[in-house]
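A.B. asks: fold the following and give me the result.
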Amino acid sequence: MTWLLVIAGAAIGAPVRYLTDRLVQARHDTVFPWGTLTVNLVGSLTLGLLTGAATAAAVGPNLQLLIGTGFCGALTTYSTLSYETLRLTQTGARFHAIANLAATILAGIGAFYTGTALTHAFWH
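C.D. replies: Residues are numbered from 1 along each chain as shown. This is a model prediction of the structure:
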């Protein structure tokens, strides 16, 4: 049963990642990977909300598997972040590469913290 929840979440998260990335990137005429940054930040916020809800005992382990491991795991993408950052470096866009890493790491942690803080404020 556990693996079915993870698969179900991933089956939704992967297409959402692809479609969101394409939609966001199509709106920007730049080499900066806005689509990947967007899905990584949305995934971090979602995981923060879920983690906060879980620590408040508002959601159970099945929902954590479905949304946290399955959906967020497929929505976010470390491998694409790595590839795009390397590609930016190789094409001479070093500023964009550094900005991509910094924004993803700092804003990702911030989004996760914001999610947990919001749920803690709501359930505590």
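A.B. asks: contact partners for residue 39?
C.D. replies: 16, 17, 20, 21, 75, 76, 77 (CB atoms under 8 Å, 6 or more residues apart in numbering). Quick note: C-beta positions are derived from backbone N, CA and C, even for glycine.
A.B. asks: mind telling me what element it is part of?
C.D. replies: If you go by DSSP states H and E, residue 39 is part of helix 34-55.
A.B. asks: most remote residue from this protein's center?
C.D. replies: Note on the chain: the largest C-alpha distance from the chain mean falls to residue 92, namely 26.4 Å (CA atoms, centre = their mean).
A.B. asks: how close does it sit to residue 31?
C.D. replies: The gap separating residue 92 from residue 31 is 10 Å, by CB to CB, to the nearest Å.
A.B. asks: surely residue 81 is in contact with residue 38?
C.D. replies: No - between residue 81 and residue 38 there is no contact under CB atoms under 8 Å: 11.8 Å.
A.B. asks: who's more crowded, those two?
C.D. replies: Higher neighbour count among residue 81 and residue 38: residue 81, with 20 against 16, using other CB atoms under 10 Å.
A.B. asks: next up, identify which helix or strand that one is on.
C.D. replies: If you go by DSSP H and E, residue 81 is part of helix 78-90.
A.B. asks: so, low pLDDT: which residues of the protein?
C.D. replies: Judged against pLDDT under 70, the chain has no low-scoring part.
A.B. asks: try 80
C.D. replies: Counting by pLDDT under 80, the low-confidence segments of the chain come to 124.
A.B. asks: now do the buried residues in the lengthiest helix in the chain.
C.D. replies: Identified as the longest helix of the chain according to DSSP state H is helix 2-26. For helix 2-26, the neighbour count (16 or more other CB atoms under 10 Å) marks 5, 6, 9, 10, 13, 14, 17, 20, 21, 24, 25 as buried.
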